[in-house]
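>>> Compute the structure for the input listed below.
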Amino acid sequence: MLISNAYAQAADAAQGGGLLGLMPLILMFVVLWFLMIRPQMKRAKEHKAMVEALAKGDEVVTGGGIAGRVAEVGDSFVQIEIAANTVVAVQKQAVATVLPKGTLKTL
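Model prediction:
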């Protein structure tokens, strides 16, 4: 015969690297956790603390770019005075940043 017979390897030899075969997948998950998931969770936690600490008189910027002074704080909405006698209601989660006092006067 010109072609030799091919035989399957024993099952014991194929199972020897089971845990070692999962190492790249585990390593990729750990890298993903430290580079993407953990910083995002930290940012979300800081934003939640900032939103809960909102008080009347704070100068804020919304996610849409509207700057104003907090006139009233409710359970889920904030009244923001954006000009004299102009008040808009936005969700608390829409507040992106709290500005230092006096920032609105310089705008």
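
>>> Next, the contact list for the closest residue to L104 other than its chain neighbours, please.
Closest residue to L104 apart from its sequence neighbours, by CB to CB, 6 or more residues apart in numbering: E59 at 5.1 Å. The C-beta positions use only the backbone N, C-alpha and C, and glycine is treated the same way. The contact partners of E59, taken as CB atoms under 8 Å, 6 or more residues apart in numbering, are A67, G68, R69, V70, V98, L99, P100, K101, G102, T103, L104.

>>> how near is the fifth one to E81?
Pointing back at V98 there. According to CB to CB, to the nearest Å, V98 stands 15 Å off from E81.

>>> follow-up on the earlier one: how much space between the residue nearest to L104 and L25?
The value you get for E59 to L25, if CB to CB is used, is 48 Å.

>>> ditto for V31
11 Å.

>>> low pLDDT regions in the protein?
1, 9-17 (pLDDT under 70).

>>> Show me where it has its helices.
With DSSP state H, the ranges of helices along the chain come out as 11-14, 18-32, 38-52, 103-106.

>>> could I get those helices as TSV with mean neighbour count and distance to N85?
Shown next, in TSV, are those (neighbours: other CB atoms under 10 Å; distance: least, CB to CB, whole Å):
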stretch	mean neighbour count	distance to N85
helix 11-14	8	77
helix 18-32	10	50
helix 38-52	11	26
helix 103-106	10	16
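
>>> possible to save those as CSV with distance to S4?
Listed next are the helices of the chain as CSV, based on distance: least, CB to CB, whole Å:
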stretch, distance to S4
helix 11-14, 20
helix 18-32, 29
helix 38-52, 55
helix 103-106, 82
